[in-house]
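Asks: Quick one: sequence and predicted model below, then my questions.
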Protein chains: 2
Amino acid sequence: MTDPQQLVDDLLDFIRTKIPLARAMDLRLHHYSRDMLALAAPLAPNVNDKGCAFGGSLASLMTLAGWALVELRLQERGEDCDVFVGGSTVRYLEPVWSDFQAQAQPAQDADWNTFFGTLDTLGKARIEVFCMVPGNERRAAATLQARFVAKRRA
Amino acid sequence: MTDPQQLVDDLLDFIRTKIPLARAMDLRLHHYSRDMLALAAPLAPNVNDKGCAFGGSLASLMTLAGWALVELRLQERGEDCDVFVGGSTVRYLEPVWSDFQAQAQPAQDADWNTFFGTLDTLGKARIEVFCMVPGNERRAAATLQARFVAKRRA
């Protein structure tokens, strides 16, 4: 049984090594538990012309948090899959003026059992993930709902 | 009357100077005409762990192309506005294995006259923009539809 903390540390190293833009964003792990993964990023490399967080950085951090959550749940089950994002809906609700984080968790209707069951049957499955960047007074500053597809490697 | 080519060159300089992630993506102007703006980016700084373009880079380039199109149309009209993205829907349709571009144009129902009319009346207006990353055989590799909001500066 692989240690979940080791898996998440390795995955973050992998992301920073393999995705130059993730490195440019200077993203870090903020938190990981069974059903929630949060990544953090400093404002400075992710700023826009107005001095707040660039929308592309917010969307990228949320997408990566969602991707990492799905990847980790698969790795914990011993799966060897390619995981990719199929589509997403992003809402930018308020500007972000400081360092920020993106929290990913399964969407309301998503179910890991169904996801793993479909993967066992078809070798391919999809799951919806909901991500948000917390803003002031616990409101979301940005949200993303994304569909991720996992495909067993041949 | 300001030269449109000068405006677009200045805007691209502005983007690369003010948004570190745009510089990290190494984005360039590919084409600008009255109703279409295309930005280009090389694969290398925008690659993911699979060797194709990172979804965050595709979405960011499309968002910036849309933002720049709205910004330019406003500047050509002599407007001084803050322009920001309110939300978007992204579809990732096929992997992108080479340098890529993002083309932005007004969405099917969008109308500049309505947009400028609302801006004159309310000092604030929104417009939908459709963006795509061309893939193989003229199919889209990724699309984004985004809502941009322009607000006259006080």
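Replies: Cool, got the structure. Numbering: from 1, shown residues only, chains lettered A, B, ... in the order given.
Asks: From now on I want contacts and neighbour counts done on CA atoms only, so please keep to that.
Replies: OK.
Asks: Quick check: closest non-adjacent residue to A:Arg23.
Replies: Nearest residue to A:Arg23, sequence neighbours excluded (CA to CA, 6 or more residues apart in numbering or on different chains): A:Arg16, at 5.0 Å.
Asks: quick one: the longest helix along chain A to chain centroid distance?
Replies: If each helix of chain A is counted by residues according to DSSP state H, the longest one is helix A:55-76. Offset of helix A:55-76 from its chain centre (CA atoms, centre = their mean, to the nearest Å): 2 Å.
Asks: ditto for stretch A:97-106
Replies: 9 Å.
Asks: same thing with stretch A:127-134?
Replies: 7 Å.
Asks: CA atoms only for that stretch - export them in CSV, please.
Replies: What follows is stretch A:127-134, C-alpha atoms only, in CSV (Å, rounded to 0.1, in the frame of the first residue of the first chain):
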residue,chain,number,x,y,z
ILE,A,127,-16.1,12.2,-13.5
GLU,A,128,-17.3,15.8,-12.8
VAL,A,129,-15.2,17.8,-10.4
PHE,A,130,-16.1,21.1,-8.7
CYS,A,131,-13.3,23.6,-7.9
MET,A,132,-13.3,27.0,-6.3
VAL,A,133,-11.0,29.8,-5.4
PRO,A,134,-12.1,31.1,-2.0
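Asks: Next, see if that stretch gets close to chain B.
Replies: No: Stretch A:127-134 does not reach chain B (CA under 8 Å from any CA of the partner chain); its nearest approach is 13.3 Å.
Asks: Report the mean confidence score over that stretch.
Replies: Mean per-residue pLDDT for stretch A:127-134: 98.
Asks: Only the buried residues of it, if you could.
Replies: For stretch A:127-134, the neighbour count (16 or more other CA atoms under 10 Å in any protein chain shown) marks A:Ile127, A:Glu128, A:Val129, A:Phe130, A:Cys131, A:Met132, A:Val133, A:Pro134 as buried.
Asks: Which parts of chain A are strands?
Replies: A:28-33, A:36-41, A:81-92, A:100-106, A:124-134, A:140-152 (DSSP state E).
Asks: And the ones you listed: which comes nearest A:Phe54?
Replies: The closest of the strands of chain A to A:Phe54 is strand A:81-92. By CA to CA, the value is 10.5 Å.
Asks: Okay, angle between that closest one and strand B:140-152 too, please.
Replies: 20 degrees (axes from the mean of the first three to the mean of the last three CA atoms, to 10 degrees).
Asks: CA atoms only for strand A:81-92 - export them in CSV, please.
Replies: Coordinates of each C-alpha in strand A:81-92 appear next as CSV, following Å, rounded to 0.1, in the frame of the first residue of the first chain:
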residue,chain,number,x,y,z
CYS,A,81,-4.4,5.8,-16.4
ASP,A,82,-4.1,8.9,-18.6
VAL,A,83,-6.3,11.6,-17.1
PHE,A,84,-7.4,14.6,-19.2
VAL,A,85,-9.9,17.4,-19.0
GLY,A,86,-12.7,17.2,-21.4
GLY,A,87,-14.4,20.5,-20.7
SER,A,88,-15.2,23.0,-18.1
THR,A,89,-17.3,26.0,-17.1
VAL,A,90,-15.6,28.8,-15.3
ARG,A,91,-17.2,31.7,-13.4
TYR,A,92,-15.1,34.7,-12.3
